[in-house]
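Trainee: Turn this into a structure:
(2 chains)
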Number of protein chains: 2
Amino acid sequence: MEYSELLKKLEELIKAPSYHMVGKLKDVPLLLTTTEGVVNLSVLRGDKLDRITKDPIAELANPKPQLDYVPIIRDVERGKELHSIFVVNLKGEEYELASPKMRITSIAYDEKAVVFTGSTQDSTALYMVEDGKLRKIVELPPFSAITDVDGDHIAGYGVFTKNFRSFEIFLADKSGEVKVITPKEGSVNTPSAFKEGKLYFISDYEYSGEREWIYAYDVKSGEISRVKFTYDDLEKSQPTSLSINPDDRLVIASKNGESKLYIDGKEIKTPEGNVTGATKVGDKVYFTHTHLLNKSTIYLHDLRDSTTRVVIDSSASIKGKVEFMKVKNGDVEVPTFIVTPENKKDVGVIYVHGGPWGSVDNSWDTIIASLLINGYVVIAPNFRGSMGYGNKFMLMDIGDLGGGDLSDVVRVRDYIVEKKVVSKVGIMGYSYGGYMTLLALGREPDKWDFGVAGAAVADWVEMYELGDSFFKGFITMVFNGGNKELMKERSPISYVENVKAPLCVIQPQNDSRTPALPVLKYCLRLQELGKKFELHLIPDMGHIPYTVDDTMKIILPAVLFLERETKKEKS
Amino acid sequence: MEYSELLKKLEELIKAPSYHMVGKLKDVPLLLTTTEGVVNLSVLRGDKLDRITKDPIAELANPKPQLDYVPIIRDVERGKELHSIFVVNLKGEEYELASPKMRITSIAYDEKAVVFTGSTQDSTALYMVEDGKLRKIVELPPFSAITDVDGDHIAGYGVFTKNFRSFEIFLADKSGEVKVITPKEGSVNTPSAFKEGKLYFISDYEYSGEREWIYAYDVKSGEISRVKFTYDDLEKSQPTSLSINPDDRLVIASKNGESKLYIDGKEIKTPEGNVTGATKVGDKVYFTHTHLLNKSTIYLHDLRDSTTRVVIDSSASIKGKVEFMKVKNGDVEVPTFIVTPENKKDVGVIYVHGGPWGSVDNSWDTIIASLLINGYVVIAPNFRGSMGYGNKFMLMDIGDLGGGDLSDVVRVRDYIVEKKVVSKVGIMGYSYGGYMTLLALGREPDKWDFGVAGAAVADWVEMYELGDSFFKGFITMVFNGGNKELMKERSPISYVENVKAPLCVIQPQNDSRTPALPVLKYCLRLQELGKKFELHLIPDMGHIPYTVDDTMKIILPAVLFLERETKKEKS
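Mentor: Next up, the predicted model:
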């Protein structure tokens, strides 16, 4: 094998910039980009991108159009997700606002303050920086987040009842008073932003968790009203999930792994794939778009003549075919993407996404792309628990992680084999996908020709012990209040004896979500049992890759492993 | 960093063929080569090499010129060193002779039989295959090997006394009778081959372990005589160590990391570096040659006109400078090579060789070469315990592994820093070199900017428990009869808390010499202690790389690690 040729292709792919529109500051479109190898912020001036941050950033607040700055957070402990808050302005000047060195799980700001939720070993709480002073406002349930602040109102959501399948909105004030808003018991609600005394939010309460719509909560009166638009394209499209920017009345709405952009309810014609972000500047709407075979493109839609043109071209693309289907697994239909590269091998990779509340949409995914350019057919099941198919479908995994969802993944694998799509099939995933990979190899050992598990959960019990309040909250929730017996039963470490297929384990050393220690112990057991596997433990990196080099560290060992295993099949 | 460019250079270097003359069959020169990516046998016909084996081979018997075949051994358990014996002839035909599936530590043959020493969990013994039947002849001390068989006489060596600093010759017959021959108590003796009723052997008994000469033992009379040659170049050169092919009266003699070829005592002029093997066909002497900056070259010396010409050119070379010096460490002088590549970085790697009874000579070494092409200055100390500087020097490490030898390595490091050769210094090694790396990082944590430990010993006690009879014998010997307290005191696992420098650990999964399990446990401790390190556990591979891909698996993670650590120094 010529490693260098393989790597050259990989490098091109990973280094190609990505663009993700996040909003605007003073009429200047703001994007999350990876233009120079790290995740950074850029602004679009004319048809040109200007990078305004240097060091990698982890997250940012929703930009406020009336301001010329935005708070961002940075990981200051080499991937351990201990964050500091910085403020960066349009000129690219930045300063450190506060360094709480805790996991910041959400952040918002207005003219006066920056508020955020932070998680330590002990608790999750709402914090505020005002007049240069950091203070804790109030403790919150562990799995809470905020989305906006407007004067004395802070909007967020979390699980405030014993029903782990519902998400309530909350309104907090700076004194620490928290008001919980539930349009309907058991519904899932997430606030978007304040506008003119109203809090816009997304809810499924009228659709029994099958799909969502946009509502406005009147902060004074407490009345909830359904948001209506001038055009009815959006209403007719019956999207499964939505997001709204109330300032511009821009909505991105998704269904079956595709998303469209709507302006005041009117659909903007876009190619197949997903609109990832949009912002309106006068008569111009800038948006970013992606596709499983196209990394990302910046478009400009002119409202005056309803024309759309490319501002910056897709930076990487792959030749191939994307299919979408729903594979039946008992009562459940598993939405599945099958992506076949032009020069396909007779080897398929069941690619399991992270989350579990994530998805594989018709959107660029660096791991999938890395597989495609090497000829693998990628089959990506959106197992129960995936996002984008209604909250009911998403929350089916509460109390059943590694149960029904695993059976969905295995069913899709069986379908692929029955249909003779490929003759060899392995499984691969990162984070929750890494967990599913280890669990699948242990519980269904005869189904797989190989496995690649990145940043996996090997042991829920130990992960719980090592987690901070946020992750403890998450695990408690998904295991029905923290059922230890179930956690054991659903942990890959309990099935390590059964593993048969060659396995590649990749683990960032500083991972604060799926910690390295249980993965190392899992590998030690594999070695004691004489199993064939490889392990790559990667330093100076946490769960999330922030740079091209981070991404390389994860993908390179996986691709080399697959090439070796595939070569063997041939000989 | 452009991984692909870096790898392209690496690939060229590793893929370049290597040539090592091992003898002749029916006047056809036979070579161990890596011409097509794997360790194989080739024959030289005219100026052209013909490969005669397909699958990688682990070892072969000394070829007998009167025969047209040679026995070879192969690892049949993916690097676990469970061997089978094959016979291959000049036409490239081969068949399996026996599959004892044990570690074969030495092999020899004649017209009638193939004999070998094999090691299981329980014992080391002498075995024979005659008339297609495999049988055990006699058990031997654990650390024994044979070098020749001639009818009923089998020649070997081993530790037959309680003095671990002496090696006795033994003569065994096929009935299992073993006769031990000691020219002088406490001397080190290794047999070469039988010729006309005499066993030629190398001994240091006349030189108190400072250097060696060649002797002949008369099998009938038991008389020992000093071998004399027609020319006196060899005698005058006072070589430290020697090897002889008595058939052709060819001697290769070394001193200070350089070796020369002598024909009947007369020196053949060769470039600086090392002659690695030679054979005589009529008036022609074919030999292979290597240098730290030149991979290997096949030469032909014509005895008729005393001319020497290149038959096959060196397949890879590096521009740079080789220096040799002896660095004082108390009473010990540490022979050290310093190799500086043309485009040197300000970073030095103290490269510690394996063994411990090995050496870095002025010979190509793939790891060193991989460092040089990336600009690192390589400093290779031949610490006490190294070969090529007299057996007394070599056996100084008995009872003191990880003691005096470590102090030699650290002293050389200090010298390099004092002389400002480079401003950053790390340590790197494979096998015993990996052990020294871990130990150095743990016992002298402030001395190193980084460390790379391949196939390391992390824990002598656990390694002993996991070892077969051969390795148990080795460990018993080097720890003065197996002193457990000393083994603990000299184990890196005892100092894991102290490790400071960033560390890269590379470990073959099927390693039967330095097993993976203690290394994994060491790494688990590192992780528990929050140390920064990376780990690459590599499947389908044992201690010894048999293919280009095996070599890549070891070197690639090391080079990428060094590049990352070096980059950081700059920024």
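
Trainee: Identify the residues contacting the helix or strand in which A:Leu371 is found?
Mentor: Using DSSP states H and E, A:Leu371 maps to helix A:366-373. Residues from elsewhere that reach helix A:366-373 (Cβ atoms under 8 Å, 6 or more residues apart in numbering or on different chains): A:9-10, A:13-14, A:292-293, A:295, A:316, A:318, A:320, A:339, A:341, A:349, A:351, A:360, A:378, A:380, A:428, A:430, A:551, A:554-555, A:558-559, A:562. Every C-beta, even on glycine, is put in place using the N, C-alpha and C of the backbone.

Trainee: which bits of chain A sit near chain B?
Mentor: Chain A comes close to chain B at residues A:1-5, A:7-8, A:10-11, A:502, A:509, A:516-517, A:520-521, A:523-524, A:527-528, A:532-540, A:549, A:552, A:556-557, A:564, as judged by Cβ under 8 Å from any Cβ of the partner chain.

Trainee: Around A:Ile398, count how many other residues there are.
Mentor: 16 (other Cβ atoms under 10 Å in any protein chain shown).

Trainee: pretty sure it contacts A:Asn480?
Mentor: Yes - between A:Ile398 and A:Asn480 there is a contact under Cβ atoms under 8 Å: 6.9 Å.

Trainee: Give me the common contacts of those two.
Mentor: A:Phe164.

Trainee: which ones are touching A:Trp95?
Mentor: In this structure residue A:95 is Tyr, not Trp. A:86-87.

Trainee: Please pick the buried ones from the contacts of helix A:366-373.
Mentor: When the contacts of helix A:366-373 are checked for burial by 16 or more other Cβ atoms under 10 Å in any protein chain shown, the buried set is A:10, A:13-14, A:292-293, A:295, A:316, A:318, A:320, A:339, A:341, A:349, A:351, A:360, A:378, A:380, A:428, A:430, A:551, A:554-555, A:558-559, A:562.

Trainee: which residues sit in contact with the residue of the stretch 301-450 of chain A found nearest chain B?
Mentor: Nearest residue of the stretch 301-450 of chain A to chain B (Cβ to the nearest Cβ) works out as A:Phe450 at 11.2 Å. Listed by Cβ under 8 Å, 6+ apart, the contact set of A:Phe450 reads A:424, A:426-427, A:501-504, A:561-562, A:565.

Trainee: rerun that using 10 Å as the cut-off
Mentor: Residues in contact with A:Phe450 (Cβ atoms under 10 Å, 6 or more residues apart in numbering or on different chains) are A:347, A:349, A:424-428, A:437, A:441, A:501-504, A:561-562, A:564-566, A:568-569.

Trainee: again with A:Leu25
Mentor: Going by Cβ under 10 Å, 6+ apart, A:Leu25 touches A:41, A:43, A:52, A:63-70, A:88-90, A:279.

Trainee: at 8 Å instead, please
Mentor: Per Cβ under 8 Å, 6+ apart, neighbours of A:Leu25: A:43, A:63-65, A:67-70, A:89-90.

Trainee: Narrow those residues to just the buried residues.
Mentor: The buried subset of the contacts of A:Leu25 (16+ other Cβ under 10 Å) comprises A:43, A:63-65, A:69-70, A:90.

Trainee: Just give me the closest of those residues to chain B.
Mentor: Nearest member of the buried ones among the contacts of A:Leu25 to chain B, counting by Cβ to the nearest Cβ, is A:Val43, at 25.6 Å.

Trainee: distance between the one helix or strand the closest one maps to and the chain's centre?
Mentor: Assigned by DSSP H and E, A:Val43 belongs to strand A:40-45. Its chain's C-alpha centre and that of strand A:40-45 lie 21 Å apart, by Cα atoms, centre = their mean, to the nearest Å.

Trainee: ok, now stretch A:41-61?
Mentor: With Cα atoms, centre = their mean, you get 20 Å for stretch A:41-61.

Trainee: Restricting to C-alpha, output that stretch in PDB.
Mentor: C-alpha atoms of stretch A:41-61 as PDB (Å, rounded to 0.1, in the frame of the first residue of the first chain):
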ATOM      1  CA  LEU A  41     -14.700  32.700  12.800                       C
ATOM      2  CA  SER A  42     -14.700  34.500   9.500                       C
ATOM      3  CA  VAL A  43     -16.700  37.400   8.100                       C
ATOM      4  CA  LEU A  44     -17.800  37.700   4.600                       C
ATOM      5  CA  ARG A  45     -17.000  41.000   3.000                       C
ATOM      6  CA  GLY A  46     -18.200  41.200  -0.600                       C
ATOM      7  CA  ASP A  47     -17.200  37.700  -2.000                       C
ATOM      8  CA  LYS A  48     -14.200  37.300   0.300                       C
ATOM      9  CA  LEU A  49     -13.900  35.600   3.600                       C
ATOM     10  CA  ASP A  50     -11.800  37.300   6.300                       C
ATOM     11  CA  ARG A  51     -10.700  35.200   9.200                       C
ATOM     12  CA  ILE A  52     -11.100  37.200  12.500                       C
ATOM     13  CA  THR A  53      -9.900  34.600  15.100                       C
ATOM     14  CA  LYS A  54      -6.600  32.900  15.300                       C
ATOM     15  CA  ASP A  55      -6.800  30.100  17.900                       C
ATOM     16  CA  PRO A  56      -9.400  27.400  17.600                       C
ATOM     17  CA  ILE A  57     -12.700  28.100  19.100                       C
ATOM     18  CA  ALA A  58     -15.100  25.700  20.600                       C
ATOM     19  CA  GLU A  59     -18.400  27.500  20.500                       C
ATOM     20  CA  LEU A  60     -20.000  30.900  20.200                       C
ATOM     21  CA  ALA A  61     -23.100  32.700  21.300                       C
END
